[in-house]
Structures are given as C-alpha cells and as structure tokens.
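A.B. asks: 3D, please:
(chains A and B)
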There are 2 protein chains.
Amino acid sequence: MTTGARVRRPSHGPGSLLEVAVGEFITRGYDATSMEDLSRAAGITKSSFYHHFAGKEALLRAALERALDGLFSILDSEAARTGSPLHRLRHIVAGQVEVLVAELPYVTLLLRVRGNTETERWALERRREFDARVAALVRDAVEAGEIRTGVEPALAARLLSGLVNSVVEWARPGGSTTNLPAAVANAAFEGILPAP
Amino acid sequence: MTTGARVRRPSHGPGSLLEVAVGEFITRGYDATSMEDLSRAAGITKSSFYHHFAGKEALLRAALERALDGLFSILDSEAARTGSPLHRLRHIVAGQVEVLVAELPYVTLLLRVRGNTETERWALERRREFDARVAALVRDAVEAGEIRTGVEPALAARLLSGLVNSVVEWARPGGSTTNLPAAVANAAFEGILPAP
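C.D. replies: This next block holds a predicted model:
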C-alpha cells in the first residue's frame, strides 16, 4: 500500500530477511529456529524466503560473514598495519568496539557460536585467526618493551578480547553518549579504574 | 563393585548429580535438556533422579544458587566491607575470579541465563543486585577521588564486570600457572597492556 518507503529499502529484500533471521537466532537460539519460524517472523511465505537464501545455514553464514568481514577489515586498515605494536593495538581495540556497535546483532551471534555445524566451526576458526593476529601483536608490544614487565602476553590477549567482546552484553545501537571506542581503549591500556 | 571410593563420595549423591546436570545444561542448553537426557548422562533411572531433585528447574536453581552464593560471599567478607572503596573493589575483583575458577561450570551456567523461566529471572535479578553493589562502590571510589578524572562510573562498572566474567570463556579448573585473581585485578586497575 505505502510503497513509497519501500523503493529505497525493500522490507523483504535479502538484507532485511537477514536482519530478521539474526534477531530470531539470538532470541530462540540457532538450533531451535526453523525456517517456518523465520518466514513467520519476516511475514512472508517459506518459498519467498528460499528465493533469497538456500536455507537456515546459508542465513547463518551470511550473518557471521558480515560480522567477520567487519572485524577483519580493521586489521587491513592503514593504522593497524603501520606504527608501533602498541599504537596498532590501540587502533584495533577501538575499531573492534566500533564494528561491534555498528554490527551489534551480527557480532552478538558470532560470539555465541559454539561449533555445532560446519558453518559455526568455520566461524570459530576465523575468530581464532583474528584473536591469534591480535595475540601476535601483543607479544610484539611486550618484546618491544612497550608493556610493563610482568604482563603475560597470552593472558593479556585473552583479557583484551574478553573486555572488548563484553560490550555486546549491554551495548545498544546508537545508544551511547560517551565515545565508547576511545573509552574502551583507555580502559584496556590505562585501566578500567586507573589511579589519578 | 569397587565401593571403597564411593564411601567417601557417593557418585550418585545430589552433589554429583548436580555436576552432571550442569555439564548437560552447558553442552545442550537448558531448554533442550530433558530429565531423560540427565538420567542417561548420570547413568541412573529417572525415578532415582527424582529422589534427589524435584525436576529440571530444581537442578537449575541449585546450580545457580551455588554460583550466586559464592559471589555474594565475597561481598560479605571483611576485606570487602572495610577500607577505601578502591581497596574493597580490588578485593572483590580478585575474589570474583577465585570463585569463577573454583565454581567454573556453575558460574558459566549463571552467565548464560537469559530469563526464560522463573528460576532464570530470579538468578538474573540476583546478578543485577551483585552488579549494582559493585557499581555503587565504583561510584564511591570516583567520588572519593581514587580514580582518574574522566572515568564514567557506570561504564567502568560494566567493563569491570565484562572483564572478570570473560574469564569463564577460557579458564580451566586448576589449569592456570599465573596467579589469575591478582593478574586480572592488575589488568582492571592498571591496564591489560600498561605502559612501562
């Protein structure tokens, strides 16, 4: 009826179907969501849904790809490839928070993946690859003497990833007034509760 | 047959049944786990299982209570109730990591609770209460001038909780060689990657 708005953003295109599916996967859990649930949530028939996506796992893969592409694009940026390891890390941490807020449902889904399907195992592998690249930079920063003595690189890399990813638990798209990426980077490098 | 060991720790007592159930809840998800799954995993009949626990939700409640009791006992300790807000917070953070490693499966389950049942909503409410008490201490520390200017108390409390809870993602019971509680407290107050 009101087709005006739909010209610019079709509400049943692959993009919005993906958005609906990710919402359902997060609420119900991927395993518990059927194509029937997805069609109902999107308000279209199952066959219209299959017109855009081969099935549930194709939707999962598209969603996880979106999150992973966002994260890996940070590593490819100029600031993440040049300068001292510490500066590169600071850029990466802030970039991760940016992507996490911009692609919140997709990253939330990525962080819940446990490896029950081939697609989930592929995503876990990619996550591990991302974490390994960050961990290598942490080691470089420690070896370059940019980090205080006594910091254990493997533990620091895990805590860094944990701190950043914890933001999905409470972040709301566009809901923050603070400069969240900078605040999380400060917390990582100077302390969440630094002394004056 | 070999009853000697069972005298000291009956393998089918309520404690070990709870352990088995928590393992299944974590692997399969609480909603997807049936009493049949639990009896099979414990190697006993359903009626023996019901002799110890009224049902699935009673098991969930006992498991979540164990995690919550551990966490709240930190707040009740002498060191968490006396001294400056910052010292109390440092004690609480280290204590949380201790409880988390000692009660790993129970805390893991607690952190996955989404509020689908009455028991889950009760546990979420208790978690919020714990977080609120820590957040109040963070505000006290900021107001007492113990924290660097510019740190936003509500954000700091969320990041603190996120950092600590992220440890469940990779901690193994007794698997750490570092002094993990102290290392996480250092990370929280001085930075995960502090400058020399």
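
A.B. asks: return the distance of the nearest residue to A:A94 once chain neighbours are set aside relative to A:R90.
C.D. replies: Nearest residue to A:A94 in three dimensions, chain neighbours excluded: A:P181, at 3.8 Å (C-beta to C-beta, 6 or more residues apart in numbering or on different chains). Every residue, glycine included, has its C-beta placed from N, CA and C. A:P181 sits 10 Å away from A:R90, going by C-beta to C-beta, to the nearest Å.

A.B. asks: burial of the closest residue to A:R66 other than its chain neighbours, as a residue count?
C.D. replies: Using C-beta to C-beta, 6+ apart and skipping the chain neighbours, the partner closest in space to A:R66 is A:Y106 (4.7 Å). Neighbours of A:Y106 under the rule other C-beta atoms under 10 Å in any protein chain shown: 25.

A.B. asks: correct me, but A:Y106 touches A:G23?
C.D. replies: No: at 10.8 Å, A:Y106 does not count as touching A:G23 under the criterion of C-beta atoms under 8 Å.

A.B. asks: and the helices in chain A?
C.D. replies: Per DSSP state H, chain A has helices spanning A:4-8, A:14-28, A:35-42, A:46-52, A:56-76, A:78-81, A:85-102, A:104-112, A:118-143, A:153-165, A:180-190. These are given in chain order.

A.B. asks: and chain A, what are its domains?
C.D. replies: A:1-53, A:63-190 (automatic domain parsing).

A.B. asks: what's the pLDDT at the residue nearest to A:R66?
C.D. replies: Looking at A:Y106, its pLDDT stands at 97.

A.B. asks: please identify the buried residues of stretch A:151-163?
C.D. replies: Going by neighbour count (16 or more other C-beta atoms under 10 Å in any protein chain shown), the buried part of stretch A:151-163 is A:V151, A:P153, A:L155, A:A156, A:A157, A:R158, A:L159, A:L160, A:S161, A:G162, A:L163.

A.B. asks: then stretch A:104-119?
C.D. replies: A:L104, A:P105, A:Y106, A:V107, A:T108, A:L109, A:L110, A:L111, A:V113, A:T117, A:T119.

A.B. asks: now the first one. Nearest residue, chain neighbours left out?
C.D. replies: If the residues on either side of it in the chain are set aside, A:L104 comes closest to A:P173, at 5.2 Å by C-beta to C-beta, 6+ apart.

A.B. asks: hmm, that neighbour is touching A:V101, no?
C.D. replies: Yes: the pair A:P173 / A:V101 is scored as a contact, 6.5 Å apart, by C-beta under 8 Å.

A.B. asks: looking at the two, which one has more neighbours?
C.D. replies: Between A:P173 and A:V101, counted using other C-beta under 10 Å, A:V101 has the larger neighbour count: 19 against 10.

A.B. asks: and the more buried one, how far from chain B?
C.D. replies: A:V101 sits 13 Å away from chain B, going by C-beta to the nearest C-beta, to the nearest Å.

A.B. asks: now that residue: closest residue in space that isn't a chain neighbour?
C.D. replies: A:A171 (5.4 Å).

A.B. asks: so where's chain A uncertain?
C.D. replies: Regions of chain A meeting the criterion pLDDT under 70 cover residues A:1-12, A:174-178.

A.B. asks: now the end-to-end length of stretch A:169-183.
C.D. replies: 16 Å (C-alpha to C-alpha, to the nearest Å).

A.B. asks: got a list of what the residue positioned nearest the centre of chain A touches?
C.D. replies: The centroid of chain A falls nearest to A:V107 when counting by C-alpha atoms, centre = their mean (2.9 Å). Contacts for A:V107 (C-beta atoms under 8 Å, 6 or more residues apart in numbering or on different chains) come out as A:A67, A:G70, A:L71, A:V99, A:L100, A:V168.
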